[in-house]
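Asks: Fold the following.
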Amino acid sequence: MKSDTAPSNDPKFYRLIDANINRLREGIRVVEDVVRYIYDNKETASRLKKIRHQIRFDDPLLLQYRDIRNDVLKKSTKSEMQRETIEEIIKANMKRAQESARVLEEALKLIDPNYAELFKTIRYELYDIEKEL
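Replies: Next comes the predicted model:
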């Protein structure tokens with residue numbers, strides 16, 4: 001369901017959604033795999049997997065308007081390339097996922113408040129998992 005105020009004709013809006021869905025899934029997957037394979041923590045890994053499987057916004061425009069070649073910030077920063085501990089990997093990826101969930105929460109308010117609420121719920125669940133870790 002799209003509202004009259006949604007930027008549904010703007011390819012850049014769909015690039016924003018696509019990039020943040022990918023970033024959110026990727027960040028969660030990194031933490032999920034660390035918790036699963038390094039910490040052997042079935043409960044937290046299962047929670048992360050469940051969250052990752054909730055991330056849905058299927059619209060063919062997402063892939064259609066993906067434009068990696070013209071991404072002005074696709075190169076990694078120096079800080080993104082430096083990790084010294086597993087804990088730093090977890091922290092960086094939790095923040096990455098939380099920030100992406102927030103972007104999706106705000107952007108999807110323009111399309112469907114139910115999607116916005118889903119990503120808000122995901123963001124708060126990630127805050128809780130971060131505290132536990």
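Asks: got the contact list for the helix-or-strand element of the chain with minimal mean pLDDT?
Replies: Within the chain, confidence by mean pLDDT, DSSP states H and E is lowest for helix 60-64 among all helices and strands, at a mean of 71. Applying C-beta atoms under 8 Å, 6 or more residues apart in numbering, the external contacts of helix 60-64 come out as 11, 14, 17-18, 21. To be clear about C-beta, it is placed using only N, CA and C from the backbone, and glycine gets the same treatment.
Asks: Distance check, the most centrally placed residue in the chain against Leu48.
Replies: The centroid of the chain falls nearest to Leu24 when counting by C-alpha atoms, centre = their mean (1.3 Å). Between Leu24 and Leu48 the computed distance is 12 Å (C-beta to C-beta, to the nearest Å).
Asks: Check which element follows the host helix or strand of Ile90 along the chain.
Replies: Using DSSP states H and E, Ile90 falls within helix 86-108. Helices and strands here follow DSSP H and E; after helix 86-108, the next one along the chain is helix 113-132.
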